[in-house]
Each structure stands twice: as structure tokens, then as C-alpha cells.
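**Q** any chance you can model this:
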Amino acid sequence: MAMLTAQRVDELFRYCLFKAGQDPQNALRVEGILREYFVLHGARVQESREHIEALLAELPLEFQQFHGGGWAFTFVGHDRVGYVWTRQEHIKERLVVLGLAIDRIQFLALREKWKDCRGGPPFLVRS
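**A** Residues are numbered from 1 along each chain as shown. Sure, this is the predicted structure:
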């Protein structure tokens with residue numbers, strides 16, 4: 001089992017980022033939470049898919065589609081046993097963006113509705 005840490009998420013995210021001068025056909029635009037969007041390198045994201053899935057599997061069960069049905073972004077910083085692995089919003093966002101990039105995380109409401117979400121916008125579900 002991969003250990004969910006801020007350092008692992010940050011390193012994986014940086015590896016998957018699209019960098020200037022790279023082939024634009026590999027650019028993958030992914031919606032963010034704190035930022036409007038990020039541009040990732042599609043091939044590196046797919047290469048890292050299993051690692052991303054292992055990190056997402058450590059999130060609380062409430063995020064799972066068929067267990068809890070989704071939970072607020074606020075709680076992405078907790079793991080399945082309740083340990084707080086990060087309080088840094090930008091690190092939590094990076095994990096969510098990686099999950100969005102491999103279609104394993106979905107938003108439960110449109111960005112325009114986030115302000116209405118109880119418990120802290122936005123609500124997410126892991127499939």
C-alpha cells in the first residue's frame with residue numbers, strides 16, 4: 001500500500017506537470033479547486049495511474065462512490081484511519097487534480113454551485 005504523504009503527492013504532481021517546450025499534444029488541462037485549472041502531461045499521468053490510484057485508495061471511505069457517496073474537499077487531508085496527512089490546501093488540491101486527470105475523482109456539483117455546498121466546497125467522489 002502506498003503511504004499517503006504530502007511529499008509523495010507533491011513529487012508525483014510535479015512529475016506529471018506539463019512543462020514549457022514539451023509537445024503540446026501531450027498537454028492535458030484539468031480543472032482545479034483553488035486555481036481554475038492545471039496543465040498536466042497526459043502520458044506521464046497515464047504512466048503514473050497505478051500510483052495515483054493507490055494514493056486515492058487511502059482517502060476516507062466517505063469519498064467512495066458506493067460507500068459514502070462523496071465528501072467535502074476539506075476532508076481530503078485525512079486518510080482512511082483518520083490520520084491528518086496534510087493541512088496544506090494546495091497539496092490536497094494536487095491529489096484531487098491527479099484523481100480528476102485519471103477520471104477517478106469527480107465533482108458532485110458545478111463550480112458555480114460550490115458556494116452553496118455545506119461542509120466546505122466542493123464535494124468530491126472517488127469511483
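**Q** could you count how many residues lie near residue 27?
**A** Residue 27 has 12 neighbours, counted by other Cβ atoms under 10 Å. Heads up, the C-betas are built off the backbone N, CA and C, glycines and all.
**Q** so which residues of the chain form strands?
**A** Secondary structure of the chain by DSSP state E: the strands cover 27-31, 37-41, 71-72, 105-107, 123-126.
**Q** any idea of the mean pLDDT in the lengthiest helix in the chain?
**A** Using DSSP state H, we find that the single longest helix of the chain is helix 89-101. Averaged over helix 89-101, pLDDT sits at 97.
**Q** residue 89 is in contact with residue 34, isn't it?
**A** Yes. Residue 89 lies in contact with residue 34 (Cβ atoms under 8 Å); the separation is 6.0 Å.
**Q** pLDDT below threshold where in the protein?
**A** 1-2, 115-121 (pLDDT under 70).
**Q** tell me, what residue is most central in it?
**A** Against the mean C-alpha coordinate of the chain, by Cα atoms, centre = their mean, the closest residue is residue 96 at 1.1 Å.
**Q** so that one sits against residue 71, correct?
**A** No. Residue 96 is beyond contact range of residue 71, at 11.7 Å (criterion: Cβ under 8 Å).
**Q** how much space between the residue lying closest to residue 67 once chain neighbours are set aside and residue 52?
**A** Leaving out its chain neighbours, the residue that sits closest to residue 67 by Cβ to Cβ, 6 or more residues apart in numbering is residue 61, at 4.5 Å. As judged by Cβ to Cβ, to the nearest Å, residue 61 and residue 52 stand 18 Å apart.
**Q** and those two? which has more neighbours close in?
**A** residue 52 (23 against 11).
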